[in-house]
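*Asks:* Sequence first, then the predicted structure, then my questions.
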Amino acid sequence: MSLLGMIALIAPLLVVTTEPLTTPDIQRDQVPPQLASAIERLRRGDVDGALADARAELRVNPRLALAHEVVGLASAAKRDWREAARALGEAVRLEPRRSSAWVALGQVALATNDPAKAGEHFRKALDIAPQDGRARRLLAIAYLRQRDVAKAIAELEEGIRSSQGKDADSKLALAALYHDLGRQTEAEGLLAEILADHPEAQSAQLLMGIVQLEQGKVDEAFPRLERAVSQDPRSAWGRLALGVAYRSKGQVKEALEELQQVVALQPEWALARFQLGHTFLAQGNVDDALKAYAEAERLSPNPGAAKLAVAQALLAAKHADRAIAKASDALRAGAPEAQGHILLGRAHAAKNDVAAAERQFRSAVAAAPDSPGTHLVLASFLREVGKADAAEDVLGQYVKKFPKDPVGPYNLGSLYATQGKLTEALAEFERALALRPAAAEPLAAMAEVQLRMGEGAKAVTTASRFLQAHQGAPGAYVFLASVQERAKDPAAAEQSYRKALEKDKDFLAAQIGLGRLYERQGAREKAIQVLQEAVKASPQSPGPLFLLAEVYDRGGRASEAVATYRRVVALAPNNAAALNNLAWLLSQDGQKVDESLALAERAHALAPGSPSIADTLGWVHYLKGNLDRALDLLGQAARAAPDNPSIRYHLAVVYAKQGKRAEALQELDRALKAPGPFPEADEARRLQHRLPSTR
């Protein structure tokens with residue numbers, strides 16, 4: 001999703017082309033009755049009545065700036081931008097320090113795609129009213145429209161600072177910007193601050209859900225999005241996010257239903273058409289996806305950017321050639337050159353054409369040499385294809401070119417960490433923190449490196465700084481707990497998980513982390529209790545159910561594990577791991593082998609490369625007497641996971657059944673020599689002793 005699209009999604013008050021402009025604050029006793037009526041009608045949405053009343057007032061009092069402003073606001077609500085600009089211009093001519101009229105003029109300029117002029121108007125409003133957070137947020141959008149991300153961030157940060165952290169709307173807009181820049185941890189931290197003060201804030205709930213979806217935290221995101229939509233069941237924004245969440249869970253049918261309702265409610269909404277196209281694409285329905293995308297492109301005020309978004313979606317759906325064609329079309333239609341080259345680079349990379357991909361990424365840098373993002377994309381690609389020295393060179397140049405940007409040393413430190421250069425990595429993370437002491441990503445990365453170096457106490461101290469930077473957000477407590485546990489302090493970890501739950505009693509990551517901690521400590525009943533609470537708090541989330549089923553299984557409570565895995569599969573029919581585990585448990589009941597086989601086949605179709613799933617399916621085929629199929633599957637599993645003793649044992653059993661004693665003995669020997677115990681070790685020894693006696 002584009003940067004402006006994301007801001008539109010979570011902050012509709014900033015989208016001047018779809019929201020009526022805010023009516024001015026007035027003192028009732030200072031406003032003529034006819035104009036007071038116009039303002040009240042405007043607030044109620046009676047635009048024509050407001051225009052009629054305001055124009056009637058102007059016939060009596062043509063020099064009344066407020067009346068001209070109301071005419072401008074009503075005209076803007078009717079999308080009559082020329083009349084809106086004329087009337088608002090007259091308002092500020094008559095009363096130059098009328099800040100609300102300057103803000104409205106800026107909004108009209110944004111709506112007519114003149115962000116530079118909009119910026120001038122918003123700055124005039126701020127000269128008059130420096131504490132006007134709304135004007136500052138709109139100025140940030142004007143900068144974004146001019147692709148000046150640094151200035152946009154600076155304005156939003158100033159809005160937060162000048163309000164002493166109380167401007168939740170500026171925090172929300174900055175979180176949206178961080179999200180789109182890939183700075184998910186910082187976005188999550190800001191959103192946690194908003195929700196701590198305003199737990200029912202729907203826009204923050206929606207964006208938090210989207211941020212969590214982007215990080216793969218579907219189990220945390222889905223109930224949050226459901227809760228946000230339940231606050232306003234008719235909310236098109238909420239339904240859009242819920243549709244995206246359904247799609248992320250693999251529930252494409254439900255996603256289509258939600259998004260088709262959104263399109264019915266808002267047929268001219270390009271963003272909804274885009275998401276509908278994405279969902280058709282997830283269904284494999286390319287033709288309908290392309291139709292939805294064509295409508296989105298038609299409705300978009302920026303065809304080049306719209307085509308680029310479609311190209312990105314096609315690439316994500318593994319249609320690389322279509323993506324290349326669409327991205328090339330986008331560049332011809334005026335899409336941002338650097339973004340177009342980046343997408344082309346990613347498409348060529350998807351086709352394993354490394355040389356073509358690198359050319360495109362370097363073209364992106366040439367097209368936007370002063371854009372930090374192009375350099376980072378090139379460096380990331382070079383890392384992925386194993387050109388670490390070239391990546392280090394690009395990042396070194398980045399640090400020199402943007403010496404005050406902590407992102408450069410952070411990425412250089414991350415590169416060193418992947419190379420095992422831990423001391424050098426720590427030095428770069430320290431450099432990043434010197435530039436921005438509360439930056440979340442360097443703190444988190446530093447703690448991980450310190451753990452790898454065996455410096456557990458230092459890692460805990462760093463994680464505590466991370467917690468401070470996030471002002472005690474639940475997610476930060478969970479991170480601290482994970483570091484404390486790995487630093488061999490489970491008691492402190494338990495306390496941190498508990499503090500996260502004090503902040504948010506239904507915080508899923510804390511519930512799951514605490515449950516896992518208890519199980520690792522051998523306190524299985526405590527683990528079960530915590531996970532049952534998580535299931536109760538998030539009944540539609542398969543994640544805690546899956547973990548609960550695993551704990552039941554490891555505790556020997558097979559019937560409860562089976563029942564719980566069945567609930568997981570009902571919620572997430574394409575969860576291959578749940579299908580596999582359920583199939584394995586059912587295979588141990590002679591009456592349910594047929595059901596076990598059907599489940600294992602489904603799991604294998606979803607994850608054909610998984611050795612554990614191939615092992616389960618191969619074993620069930622053995623139980624059914626299908627020895628050739630069993631041998632084929634177990635052989636695949638053994639080749640994929642050569643050190644797994646259980647797979648070796650199962651393969652030995654099939655060889656023995658076929659009378660291939662030498663092969664069976666070889667597999668048994670490998671299984672029993674593998675490091676660590678395995679559940680079937682005693683059976684393997686008994687089979688090993690039986691086989692030689694039959695020669």
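*Replies:* Cool, the structure landed. Numbering: from 1, shown residues only.
*Asks:* going forward, measure contacts between C-alpha atoms and count neighbours the same way
*Replies:* OK.
*Asks:* With adjacent residues omitted, what lies nearest to Ser464?
*Replies:* Leu480 (6.5 Å; C-alpha to C-alpha, 6 or more residues apart in numbering).
*Asks:* I'd guessed that neighbour sits against Leu467; true?
*Replies:* Yes - with contact defined as C-alpha atoms under 8 Å, Leu480 and Leu467 form a contacting pair (7.1 Å).
*Asks:* Return the per-residue confidence for Asp232.
*Replies:* Listed pLDDT for Asp232 reads 69.
*Asks:* Just the element for the residue nearest to Ser464, please.
*Replies:* Element membership for Leu480 (DSSP states H and E) is helix 474-486.
*Asks:* Against which helices or strands is that helix packed?
*Replies:* Here helix 474-486 touches helix 440-452, helix 456-469, helix 490-503, helix 508-520, going by 3 or more C-alpha pairs under 8 Å, 6 or more residues apart in numbering; DSSP states H and E.
*Asks:* go with 7 Å
*Replies:* helix 456-469, helix 490-503 (3 or more C-alpha pairs under 7 Å, 6 or more residues apart in numbering; DSSP states H and E).
*Asks:* Highest mean neighbour count across the ones you listed, which stretch is it?
*Replies:* Comparing the helices and strands packed on helix 474-486 by mean neighbour count (mean count of other C-alpha atoms under 10 Å), helix 456-469 ranks first with a mean of 21.
*Asks:* how far is it from where the chain is centred?
*Replies:* On the basis of C-alpha atoms, centre = their mean, to the nearest Å, helix 456-469 sits 25 Å off its chain's mean C-alpha point.
*Asks:* With stretch 334-352 instead?
*Replies:* On C-alpha atoms, centre = their mean, the centre of stretch 334-352 falls 21 Å from the chain's centre.
*Asks:* Now do it: everything it contacts.
*Replies:* Residues from elsewhere that reach stretch 334-352 (C-alpha atoms under 7 Å, 6 or more residues apart in numbering): 304-305, 308, 312, 315, 320, 323-324, 327, 331, 356-358, 360-361, 363-365, 367-368.
*Asks:* How about stretch 123-137?
*Replies:* Contacts for stretch 123-137 (C-alpha under 7 Å, 6+ apart): Arg97, Ser99, Trp102, Val103, Phe122, Glu155, Leu156, Gly159, Ser170.
*Asks:* go again using 8 Å as the cut-off
*Replies:* 14, 97-100, 102-103, 122, 139, 155-156, 159, 162-163, 167, 170, 173 (C-alpha atoms under 8 Å, 6 or more residues apart in numbering).
*Asks:* Can I get that stretch in PDB? Just the C-alpha atoms.
*Replies:* What follows is stretch 123-137, C-alpha atoms only, in PDB (Å, rounded to 0.1, in the frame of the first residue of the first chain):
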ATOM      1  CA  ARG A 123       2.800  27.300   7.200                       C
ATOM      2  CA  LYS A 124       0.900  30.600   7.300                       C
ATOM      3  CA  ALA A 125      -1.700  29.000   9.500                       C
ATOM      4  CA  LEU A 126       1.100  27.800  11.900                       C
ATOM      5  CA  ASP A 127       2.700  31.300  11.900                       C
ATOM      6  CA  ILE A 128      -0.700  32.500  13.300                       C
ATOM      7  CA  ALA A 129      -1.400  29.500  15.500                       C
ATOM      8  CA  PRO A 130       1.800  27.500  16.300                       C
ATOM      9  CA  GLN A 131      -0.100  25.000  18.500                       C
ATOM     10  CA  ASP A 132      -2.500  24.000  15.700                       C
ATOM     11  CA  GLY A 133      -1.800  20.300  15.500                       C
ATOM     12  CA  ARG A 134      -4.200  19.700  12.600                       C
ATOM     13  CA  ALA A 135      -2.300  22.300  10.500                       C
ATOM     14  CA  ARG A 136       1.000  20.600  11.300                       C
ATOM     15  CA  ARG A 137      -0.300  17.200  10.400                       C
END
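*Asks:* Ignoring the adjacent residues along the chain, who's closest to Ala459?
*Replies:* In this structure, Ala459 finds its nearest non-sequential neighbour in Ala447, 4.3 Å apart by C-alpha to C-alpha, 6+ apart.
*Asks:* List only buried entries from the contacts of stretch 123-137.
*Replies:* Applying 16 or more other C-alpha atoms under 10 Å to these, the neighbour count classes 14, 97-100, 102-103, 122, 139, 155-156, 159, 167, 170, 173 as buried.
*Asks:* Between all of these, which two are separated the most?
*Replies:* Spatially, the most separated pair among these is Arg97 and Ala173, at 26.7 Å (C-alpha to C-alpha).
*Asks:* Now for the residue nearest to Ala459: which residues touch it?
*Replies:* Lys458, Ala459, Val460, Thr462, Ala463, Val483.
*Asks:* switch the cut-off to 10 Å
*Replies:* By C-alpha atoms under 10 Å, 6 or more residues apart in numbering, the contact list for Ala447 reads 426, 453, 455-466, 479-480, 483.
*Asks:* for Ala309, same thing?
*Replies:* By C-alpha under 10 Å, 6+ apart, the contact set of Ala309 is 1-2, 274, 293, 296-297, 303, 315, 323, 326-327, 330, 335, 340, 343.
*Asks:* From those, list just the buried residues.
*Replies:* Applying 16+ other C-alpha under 10 Å to the contacts of Ala309, the neighbour count classes 1, 274, 293, 296-297, 303, 315, 323, 326-327, 330, 335, 340, 343 as buried.
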